[in-house]
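The sequence and its predicted three-dimensional model are supplied below.
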Amino acid sequence: MIGKITKGGSFKGCVKYVLDKEKAELLFADGVLLGSDENIINGFETQRQLKPEISKPVGHISLSFSPQDAPRLSDKALIRLAQEYLKEMGIDNTQYIIVRHNDARHPHCHIVFNRIDNEGKLINDKNDFYRNGQVTKKLKEKYGLTFGKGKMQVNRNKLKEPDKTKYQIH
């Protein structure tokens with residue numbers, strides 16, 4: 001299990017990316033109106049207005065798992081892991097969606113959440129990259145998920161062209 005956290009300014013771009021990808025499945029939503037991408041985006045944007053001075057209200061987390069864990073990662077299990085991850089990270093009392101992508105060999109899901117909580121407060125992101133590593137390790141141990149085998153698990157092609165806007169914590 002690897003968690004990758006990013007922050008951004010566009011709910012439209014992030015929601016469209018996670019929902020409009022081929023073979024994407026919306027597994028769970030909390031605090032947003034469903035029915036269309038636009039409904040979800042409008043819900044996020046409305047809550048964003050509670051703290052309009054925040055330039056990056058969009059939280060995006062991708063949770064990726066080893067292909068060896070695929071048989072155990074039903075939709076229900078992914079929802080449970082994603083929700084437990086959010087709770088452990090202190091991301092609560094806010095809107096979010098969980099979307100599964102089925103476009104790769106390894107199971108993975110995306111969480112889009114509003115960094116402005118339901119009371120108009122900014123969700124604390126202090127040391128979130130460090131905490132992400134701790135939380136993913138804790139969940140891997142708790143559920144017996146596969147740990148990577150060091151540098152042998154690294155996709156060397158991805159190392160050649162890094163995306164400077166995203167960080168990966170092991």
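Looks like it came in fine.

Spatially nearest residue to the residue positioned nearest the centre of the chain, not counting backbone neighbours?
In the chain, the centroid-proximal residue (CA atoms, centre = their mean) is residue 61; its distance is 2.3 Å. Closest residue in space to residue 61, ignoring its immediate chain neighbours: residue 111 at 4.4 Å, by CB to CB, 6 or more residues apart in numbering. Where you see a C-beta, it was placed from the backbone N, CA and C, and this is true even at glycine.

ok so the one you found is a helix residue?
No - checked against DSSP: H, G, I helix; E, B strand; the rest coil, residue 111 lies outside a helix; its state is strand.

that older thread, you'd agree the residue nearest to the centre of the chain is up against residue 7?
No - assessed by CB atoms under 8 Å, residue 61 is found out of contact with residue 7, at 10.1 Å.

show me where the chain has strands.
2-8, 24-30, 58-64, 96-101, 108-114 (DSSP state E).

Can you say which of the ones you listed is packed in most?
Of all these, strand 108-114 has the most neighbours on average by mean count of other CB atoms under 10 Å, namely a mean of 24.

who does it pair up with?
Take DSSP bridges as the rule and strand 108-114 pairs in its sheet with strand 58-64 (antiparallel), strand 96-101 (antiparallel).
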